[in-house]
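1. next one to model:
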Amino acid sequence: MQVNSEAKVKTWHKLGYGVGAIAYATPYTIMAGSFLFFVTTILQVSPIIAGIIVAISVFWDAVTDPWIGAISDRANSKRFGRRHQFLLIGGIGTALGSICLWSISPDMALTMKVLMLLAAVLFAKTMNTLYGTPYFALSGSLSNDNNERTAIQGYRASFHLVGMLFAIVGTQILIFRPSEAFPRSQLDPANYPKVGVFIAVITIIFALVAYFATPKDHQVNPSTTRKSMWSLIRESLKNKSFRAIVLVIFLIEIVFQSIISLGTHVNTFTYHLNGPQMGILGLSLLGMSILSQPIWVFLCRRFELRNMLILGFIIGLAGFVGMPWAHVGFEIFPIDADSTLMTLAIFSGIAGIGNGAFMSIPFTMVAEAADVGELDTHERQEGLYFGMYTFAYKAGIAVSVLLAGVLLKVIGFDASLPAQTPSTSYHLAIAPTWFLIVIAPVIIWVLQSYTINHATHAKALTDLKAQRA
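-> Residues are numbered from 1 along each chain as shown. Alright, predicted model coming up:
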């Protein structure tokens, strides 16, 4: 099978491509949501050291994205095309790295634990990037029609969210089941090696589905020059609209991921939830993210992408900020009541609708920016563009996790205690939301610099046809 970017994409290819998102999302989501808890609470590594480990790993992960993306742009194997060899190697490598990472024993000496953590997390994240960046870039090659791209991203976002459900809900229901010894089973060290095996099985299965079910990308880069990586990066950032979406995703991840990184801490020590209850919250968040995809696709066909992304951001803000402030800040809803899980789930569902916009719309915007970039530079660089986007995404996560580690130290979190002080429990929930409240106006302001709309993109595609001819 070979990509034909001018034709309508077959539903089978959209489905095959979308399913591949599970192989990226499952290991990545578990890493983002549970790794800091695993390191600080299970392995008993200090929050500052844990934050440094995670920040180093995510920064390395981010730096490798544009490089791997650019390498895949210029790879053109007769058998694999530009992207598929990376899907195969990256999927298998992610599975192996996950098994090693989550099997680290809390009984090791501290120095050995830190070294093992750093080595395992760097390998696992590198393999996840080797799979993820070429996978994202493949979407930009399947079609250059804006409506088709939006539909493709809808498939990808939906299955990405299914992967997140596997990570958040699946692990809570299948692995983190309460026992007499550990009513809050996320505190049981014996469960974490099972997490590594779970990730490995999911990753290999769905990476292979994507490998066999998607057409090979044999498009040839129109440029005959061999520009350096730094030259290509500088050229991409001269694209004002692309620069805007890169900066926005960096800022958003700093604030949102600080909330997500501390989510297990908050649910355990502030809301006093067990594993299955946290799974219900995750199902509410991700279920609404999935169910909202057709709505976002519909809206994006009729309104400008930038405006819909702003709308999604505002809805997500209401959910993520409203939940802790309604339950802890203003105490409108009680904690430890029969109704607590329901009210938490309502706010989680609102956040999920906003989150759904960010699961699909920015990827279409990056693909549009890559089209405009080719018009200006004569370089077809979807891999680089998506690599730069995921670089910004992961760099924001690196900063957020480091901030989360510092915040745990500042508010007096003590991993050796079965319950935290009232002050610590309060600030676990409330403090991260201030980041989001302060930075929200900046994010909306930066998005105004994204100037590509339906009309200007259609003109760019017409000019590209003429330029290629």
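2. give me every residue that touches Val9.
-> Applying Cβ atoms under 8 Å, 6 or more residues apart in numbering, we find Val9 in contact with 142-143, 148, 151-152. Using the backbone N, CA and C atoms, a C-beta is placed for each residue, glycine as well.
3. out of these, who's the most crowded?
-> Using other Cβ atoms under 10 Å as the neighbour criterion, Ile152 leads the contacts of Val9 with 25 neighbours.
4. check which element follows the helix or strand hosting that residue along the chain.
-> Per DSSP states H and E, Ile152 falls inside helix 146-165. As assigned by DSSP H and E, the chain's next helix or strand after helix 146-165 is helix 171-174.
5. return the distance of the next helix or strand after that following helix from the chain's centre.
-> With elements assigned by DSSP H and E, the helix or strand that comes after helix 171-174 is helix 192-213. On the basis of Cα atoms, centre = their mean, to the nearest Å, helix 192-213 sits 17 Å off its chain's mean C-alpha point.
6. by contact count, what packs against helix 192-213?
-> Helix 192-213 sits against helix 11-19, helix 21-37, helix 84-102, helix 171-174, with contacts defined as 3 or more Cβ pairs under 8 Å, 6 or more residues apart in numbering; DSSP states H and E.
7. related to what we said a few turns ago, and the helix holding Ile152 with helix 21-37, angle?
-> Counting by axes from the mean of the first three to the mean of the last three Cα atoms, to 10 degrees, helix 146-165 lies at 40 degrees to helix 21-37.
8. for helix 146-165, packing partners?
-> By 3+ Cβ pairs under 8 Å, 6+ apart, helix 146-165 packs against helix 11-19, helix 21-37, helix 110-142, helix 275-291, helix 293-302, helix 340-377, helix 454-468.
9. please identify the most buried of those helices.
-> Among the helices and strands packed on helix 146-165, helix 21-37 has the highest mean neighbour count (mean count of other Cβ atoms under 10 Å), at a mean of 26.
10. show me what counts as buried in the helix holding Ile152.
-> 146, 148-165 (16 or more other Cβ atoms under 10 Å).
11. in contact with Met388, which residues are there?
-> Applying Cβ under 8 Å, 6+ apart, the residues near Met388 are 65-66, 69, 233, 236-237, 242, 246.
12. and if you look at Ser139?
-> Going by Cβ under 8 Å, 6+ apart, Ser139 touches 17, 149, 152-153, 156, 363, 367.
13. what residue ranges in the stretch 101-250 of the chain score low on pLDDT?
-> Applying pLDDT under 70 to the stretch 101-250 of the chain flags the ranges 218-227.
14. swap in 80 and give it another go.
-> Counting by pLDDT under 80, the stretch 101-250 of the chain has low-confidence residues at 140-141, 143-147, 150, 168-169, 172, 184, 217-232.
15. give the buried residues for stretch 320-339.
-> Residues 320-328, 333 are the ones in stretch 320-339 that count as buried (16+ other Cβ under 10 Å).
16. so the closest residue to Phe358 other than its chain neighbours is in which element?
-> Residue nearest to Phe358 in three dimensions, not counting chain neighbours: Gly312, with 6.1 Å by Cβ to Cβ, 6 or more residues apart in numbering. According to DSSP H and E, Gly312 maps onto helix 305-324.
17. tell me the angle that helix makes with helix 454-468.
-> Using the same axes, to 10 degrees: helix 305-324 against helix 454-468 is 130 degrees.
18. please identify the buried residues of helix 305-324?
-> 305-306, 308-313, 315-317, 319-324.
19. where does the closest residue to Thr343 other than its chain neighbours sit, in terms of helix or strand?
-> Nearest residue to Thr343, sequence neighbours excluded (Cβ to Cβ, 6+ apart): Phe333, at 4.4 Å. Using DSSP H and E, Phe333 sits within no helix or strand.
20. ok, Phe333 - contacts?
-> 326-327, 339-340, 343.
21. ok, the residues you listed vs Val114, which is closest?
-> Closest approach to Val114 among the contacts of Phe333 (Cβ to Cβ): His327, at 35.6 Å.
22. and that closest one, how far is that from Ser339?
-> To Ser339, His327 is 11 Å away according to Cβ to Cβ, to the nearest Å.
23. now Gly69
-> 47 Å.
24. got it, and Asp371?
-> Distance from Asp371 to Ser339, by Cβ to Cβ: 50 Å.
25. what do you get for Thr29?
-> For Thr29, the distance to Ser339 - Cβ to Cβ - is 28 Å.
26. same thing with His265?
-> Counting by Cβ to Cβ, the gap from His265 to Ser339 is 23 Å.
27. before we move on, what about Ser72?
-> Counting by Cβ to Cβ, the gap from Ser72 to Ser339 is 50 Å.
28. what helices and strands are in contact with the helix holding Gly312?
-> helix 240-261, helix 293-302, helix 340-377, helix 422-447.
29. quick one: average pLDDT of it?
-> For helix 305-324, mean pLDDT is 95.
30. any idea how far that helix is from the chain center?
-> Put simply, helix 305-324 sits 17 Å off its chain's centre (Cα atoms, centre = their mean).
31. likewise for stretch 301-310?
-> 21 Å.
32. span of it from start to end?
-> Stretch 301-310 stretches 16 Å from its first residue to its last (Cα to Cα, to the nearest Å).
33. ok so, going back, tell me which two in the contacts of Val9 are the farthest apart.
-> Maximum distance among the contacts of Val9 (Cβ to Cβ): 10.2 Å, for Leu142 and Ala151.
34. so what sits against both of these two?
-> Jointly contacting Leu142 and Ala151 under the rule Cβ under 8 Å, 6+ apart are 9, 14.
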